[in-house]
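Student: predicted structure and sequence below. I'll ask about it afterward.
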Amino acid sequence: MSGRRVHLLGRVVAPATALLLALSACGDDSSEGAALPPGAPAAEEPTVPATAGPLSGRQMPEPAVLGEGWTERADPGDGHGDVHGDGHGDVAADAPSTQQRDVNELMDGLTPIGCPERAVAISLPRPRYALERTYAGPAGQPGVALVLEFGDSAGPRTFLDRFERQMRACPAGAADPDGPIVLGYRSIDRAPERVSGLRQETGFEADPNRYLVVAVRDGKRVGLVYLSGIPAARAAAIGPDLIRAIRAS
């Protein structure tokens, strides 16, 4: 990935580890700086599970589904797995690429901030479980996949319908490169089980990457991918493969 902080992975789909670490830092101040008893093991960082309810890596698309040269890779932008801890170092060899997500945090992050109010006001249904996998493309560009599981098949249908409505209510347009961040979508296609579009931020400190976004549903599950540097024409091929991935038991 680029050395620059990746806004999409950092703000929209940042791993739940950051929340856990923040909460752990808000404990009793009286323990701050306290020495460990002799021989006591050092405290370990919270470990984020690589599964979420019935979801595991089996439901995640293989890198080859995304295109030639794509690989699994932990996101160095959040400091988790970042060797240097500065958000743009090398990633530790054992850093996880697949992690459970806190549903509330994730859904708040999927709110289309930077879009018109009519888009922000369209709320997405919340799943019971969420799992994330991060990737890197052949040029190091970022990508992320999300798999969500709902309590019934009505949730995924509503999710895709409202997700498409959000995109259509947030069209791409001109923006001041030195102004506030503005988010825009260009719709690509819509089918009963799939919706896709191109996502682009503009404005000061906007994420320079343009993302192909593909969202699919199958049964009680929704799958989404955000992929930088992928042509729009790939959406039609990625969709069926993503459906097959999330269908895996």
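Tutor: In hand now; what should we look at?
Student: which helices and strands does the longest helix along the chain pack with?
Tutor: Longest helix of the chain, by residue count under DSSP state H: helix 154-168. The elements that helix 154-168 packs onto, with contact taken as 3 or more C-beta pairs under 8 Å, 6 or more residues apart in numbering; DSSP states H and E, are helix 117-120, strand 182-191, strand 194-202, strand 210-218, strand 221-228. In short, each C-beta sits where N, CA and C put it, glycine included.
Student: strands of this protein, start to end?
Tutor: Using DSSP state E, the strands of the chain run over 71-72, 98-100, 129-136, 142-149, 182-191, 194-202, 210-218, 221-228.
Student: out of those, the one nearest Gly239 is which?
Tutor: The closest of the strands of the chain to Gly239 is strand 194-202. By C-beta to C-beta, the value is 4.2 Å.
Student: now tell me what touches that closest one from outside.
Tutor: Residues outside strand 194-202 that contact it (C-beta atoms under 8 Å, 6 or more residues apart in numbering): 7-8, 114, 160, 163-164, 167, 172, 174-175, 177, 181-190, 207, 210-217, 226, 232, 235, 239, 243.
Student: and the buried ones among these, selectable in ChimeraX?
Tutor: Command for ChimeraX that selects the buried part of those, burial taken from 16 or more other C-beta atoms under 10 Å:
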select :7,8,114,160,163,164,167,172,175,181,182,183,184,185,188,207,210,211,212,213,214,215,216,217,226,235,239,243
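Student: okay, the strands of the chain in a markdown table with distance to Ala64 next?
Tutor: Formatted as a markdown table, these follow (distance: least, C-beta to C-beta, whole Å):
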| stretch | distance to Ala64 |
| --- | --- |
| strand 71-72 | 10 |
| strand 98-100 | 16 |
| strand 129-136 | 11 |
| strand 142-149 | 13 |
| strand 182-191 | 22 |
| strand 194-202 | 19 |
| strand 210-218 | 15 |
| strand 221-228 | 13 |
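Student: between those strands, which one is nearest to Pro61?
Tutor: Pro61 sits nearest to strand 142-149 of all the strands of the chain, at 5.6 Å, using C-beta to C-beta.
Student: where are the low-confidence patches of this protein?
Tutor: 1-46, 75-95 (pLDDT under 70).
Student: report the buried residues of stretch 144-154.
Tutor: Val144, Ala145, Leu146, Val147, Leu148, Glu149, Phe150.
Student: identify the bridge partners of the fifth one.
Tutor: Under DSSP bridges, the beta-bridge partners of Leu148 are Ala130, Val222.
Student: I'd like the distance between it and Thr51.
Tutor: Separation of Leu148 from Thr51 (C-beta to C-beta, to the nearest Å): 14 Å.
Student: over to the fourth one?
Tutor: Here Val147 is placed at a distance of 11 Å from Thr51 (C-beta to C-beta).
Student: residues contacting the residue nearest to Leu110 when sequence neighbours are not counted?
Tutor: Closest residue to Leu110 apart from its sequence neighbours, by C-beta to C-beta, 6 or more residues apart in numbering: Leu124 at 6.1 Å. Leu124 makes contact with Met107, Leu110, Phe159, Arg162, Phe163, Gln166, according to C-beta under 8 Å, 6+ apart.
Student: quote the end-to-end distance of stretch 56-70.
Tutor: Stretch 56-70 has an end-to-end distance of 20 Å (C-alpha to C-alpha, to the nearest Å).
Student: stretch 98-116 too?
Tutor: One end of stretch 98-116 sits 32 Å from the other (C-alpha to C-alpha).
Student: what residues sit buried inside that stretch?
Tutor: In stretch 98-116, counting by 16+ other C-beta under 10 Å, buried: 98-103, 105-107, 109-112, 114-115.
Student: for those residues, which one is nearest Arg128?
Tutor: Val103 (7.3 Å).
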